[in-house]
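Visitor: okay, predicted coordinates and the sequence, questions at the end:
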There are 2 protein chains.
Amino acid sequence: MLRDEMGTVQLVGAGPGPADLLTVRALRAIEGAEALLYDALISDEVLALAPQRCIRIQTGKRAGRASMAQDAINRLMLRLARRGLRVVRLKGGDPSIFGRVGEESDFLQAHGVPVQVTPGVTAACAAAAQFDFPLTHRGEARRVVFATVRVEDGVLQGDWMWGVDPETTIGLYMGRDLAGVVSRTLMAQGVSPDLPVAAVENAGSPAARLVVTRLADMEAAYDNSRFTGPVVTLICKVAARAAVAQLENEAPLESIASVG
Amino acid sequence: MLRDEMGTVQLVGAGPGPADLLTVRALRAIEGAEALLYDALISDEVLALAPQRCIRIQTGKRAGRASMAQDAINRLMLRLARRGLRVVRLKGGDPSIFGRVGEESDFLQAHGVPVQVTPGVTAACAAAAQFDFPLTHRGEARRVVFATVRVEDGVLQGDWMWGVDPETTIGLYMGRDLAGVVSRTLMAQGVSPDLPVAAVENAGSPAARLVVTRLADMEAAYDNSRFTGPVVTLICKVAARAAVAQLENEAPLESIASVG
């Protein structure tokens, strides 16, 4: 497989998990990959789409293995591209949102590797679609913010005053164990303890699970739910609509699932 | 085509325009549609994917025609579903973000129509991928907010203090003629006039155009650009990376375009 010319790296958003939530462009990239580097959140059904002869390298924590350092991932992509290969770097969701696409793209381009980025469906959008609540809604949510959470010594880092705006839907991409520190910080800043919270585990996949609670009960709800998969957390008035949708439409949603 | 049983409505995100940025699920929904209602932003190449016998109804402003009122769209979808049809309602980008999916879903479900929502790639993610800048980036952008803009009597409506956070990438889905009022409001609140702004017209499509400027020059840059297509505006330090990417990589990006 050694070639004279430089290969390419495609940084591809794999969406929330199910293969049919890949974009067509992402699907083609995976089907044409000669080397595939993938994060822990990439589903088996997406990985199965790569050609049999494709080199597969797992970069994220999975099945107890440690995750690779960012620097090692960068150097590995460069080595594969220098072998002339079509390298596909698969990232859960959309690569531009918490996907470290800037760091990887900077490194590769500094070393002369052509880079192309393919967008994807981010987890919050998949969660909203699956449980039929909007992220923006007239009179309730004029904006949506996607944020991660950094905690040091049990204290939320950074200024969280942006979280107080009652017209903003908050979408958090965070560890499952941070529900307590987040909800306490928001309430201490004056956010209502009754504000609805929708936590969606494995958003987009058939194994998705929805838990609707309120800010004051968020920590207990997360503890009781014993989530094991990735969770996206939506905090806003609109989150309350998720529960309604689920209760009223369980049967019709089931029946419509095979329509497409 | 009249059937006894109730039809279904799928509210489908069509992504930013190109057919290969549809999700596979959206593609299948369109290919199986018996009636298609579509907004003005849906591209011809996406519309061409629907079956020949599919009923096509344009709901948004296009080619000088007036757009349908939301209430009329709702009643039309209901009528088609009551005829037993598989109705697909196509929305640009992701339906949960500024797609009015809550209003349409509420109405249909109140009338007993099974509704399914399919997520899509939102314009800001497509713009970032295409011009190779991240929406979040370590040390520069910890959060990203997607917002629309309402102006009454030349004054920006609502509280815009959330726009002051220097660690937030601002993604605006707004009319092209609102650049002046937005930039003046942000600067009046203390945001640096030097903050980079990336405006991307027709994000994701081959006809996309990138204009990089700074907050103080935003209005003039929009005026000079004579945008005619939809524009997504990214305001943040990361926006400056878009210009760099475009200058350095025009040739490699061209050459990689046919790889996938």
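Guide: Looks like it came in fine. Nothing here was measured: the structure is a model prediction, and the numbers come from that model.
Visitor: which parts of the stretch 151-260 of chain A are strands?
Guide: Applying DSSP state E, counting those that start in this stretch to the stretch 151-260 of chain A gives strands spanning A:151-152, A:155-156, A:168-173, A:196-201, A:209-214, A:231-235.
Visitor: with distance to chain B added, can I get those in a markdown table?
Guide: Quick note: C-beta positions are derived from backbone N, CA and C, even for glycine. Below are the strands of the stretch 151-260 of chain A laid out as a markdown table (distance: least, C-beta to the nearest C-beta, whole Å):
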| stretch | distance to chain B |
| --- | --- |
| strand A:151-152 | 13 |
| strand A:155-156 | 12 |
| strand A:168-173 | 6 |
| strand A:196-201 | 12 |
| strand A:209-214 | 14 |
| strand A:231-235 | 10 |
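Visitor: and those strands as JSON lines, adding mean neighbour count and mean pLDDT?
Guide: Output for the strands of the stretch 151-260 of chain A, formatted as JSON lines (neighbours: other C-beta atoms under 10 Å in any protein chain shown; pLDDT from 0 to 100):
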{"stretch": "strand A:151-152", "mean neighbour count": "12", "mean pLDDT": "89"}
{"stretch": "strand A:155-156", "mean neighbour count": "14", "mean pLDDT": "86"}
{"stretch": "strand A:168-173", "mean neighbour count": "25", "mean pLDDT": "96"}
{"stretch": "strand A:196-201", "mean neighbour count": "25", "mean pLDDT": "96"}
{"stretch": "strand A:209-214", "mean neighbour count": "19", "mean pLDDT": "95"}
{"stretch": "strand A:231-235", "mean neighbour count": "25", "mean pLDDT": "97"}
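Visitor: could you export those strands as CSV, including distance to B:G175?
Guide: As requested, these are exported to CSV (distance: least, C-beta to C-beta, whole Å):
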stretch, distance to B:G175
strand A:151-152, 39
strand A:155-156, 36
strand A:168-173, 21
strand A:196-201, 31
strand A:209-214, 35
strand A:231-235, 27
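Visitor: right, and those - which one's nearest B:V200?
Guide: For B:V200, the closest of these is strand A:168-173, at 22.0 Å, according to C-beta to C-beta.
Visitor: ranges for the helices of the stretch 151-260 of chain A?
Guide: A:179-188, A:218-225, A:240-256 (DSSP state H, counting those that start in this stretch).
Visitor: what distance separates the start and the end of stretch A:59-79?
Guide: Stretch A:59-79 has an end-to-end distance of 15 Å (C-alpha to C-alpha, to the nearest Å).
Visitor: buried residues in that stretch?
Guide: By 16 or more other C-beta atoms under 10 Å in any protein chain shown, the buried positions in stretch A:59-79 come out as A:59-60, A:68, A:73-74, A:76-78.
Visitor: same thing with stretch A:154-168?
Guide: Buried, per 16+ other C-beta under 10 Å, within stretch A:154-168: A:156, A:160, A:162-163, A:165, A:167-168.
Visitor: what does that stretch contact?
Guide: A:140-145, A:149-151, A:170, A:181-182, A:185-186, A:189-191, A:235-237, B:142-143, B:145, B:158-159, B:161-162, B:165, B:167-168 (C-beta atoms under 8 Å, 6 or more residues apart in numbering or on different chains).
Visitor: and for stretch A:51-59?
Guide: By C-beta under 8 Å, 6+ apart, the list of residues contacting stretch A:51-59 reads A:31-40, A:47, A:50, A:65, A:67-68, A:73, A:76, A:80, A:85.
Visitor: and those residues, which of them are in strands?
Guide: Among the contacts of stretch A:51-59, DSSP state E puts A:35-38 in strands.
Visitor: could you dump the residues you listed into JSON lines and include pLDDT, neighbour count and distance to chain B?
Guide: Output for the ones in strands among the contacts of stretch A:51-59, formatted as JSON lines (pLDDT from 0 to 100; neighbours: other C-beta atoms under 10 Å in any protein chain shown; distance: C-beta to the nearest C-beta, whole Å):
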{"residue": "A:A35", "pLDDT": "98", "neighbour count": "23", "distance to chain B": "13"}
{"residue": "A:L36", "pLDDT": "98", "neighbour count": "25", "distance to chain B": "14"}
{"residue": "A:L37", "pLDDT": "97", "neighbour count": "25", "distance to chain B": "16"}
{"residue": "A:Y38", "pLDDT": "96", "neighbour count": "24", "distance to chain B": "17"}
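Visitor: and the furthest pair within those?
Guide: Top of the distance list for the ones in strands among the contacts of stretch A:51-59 (C-beta to C-beta): A:A35 and A:Y38, 10.6 Å.
Visitor: any stretches of the stretch 101-250 of chain A with poor pLDDT?
Guide: A:244-250 (pLDDT under 70).
Visitor: again, only using 90
Guide: A:138-140, A:150-166, A:174-176, A:206-207, A:241-250 (pLDDT under 90).
Visitor: A:E45: neighbouring residues, count only.
Guide: Neighbour count of A:E45, defined by other C-beta atoms under 10 Å in any protein chain shown: 13.
Visitor: now the one 5 residues further on
Guide: A count of nearby residues for A:A50, using other C-beta under 10 Å, gives 21.
Visitor: nice, that's everything, thank you.
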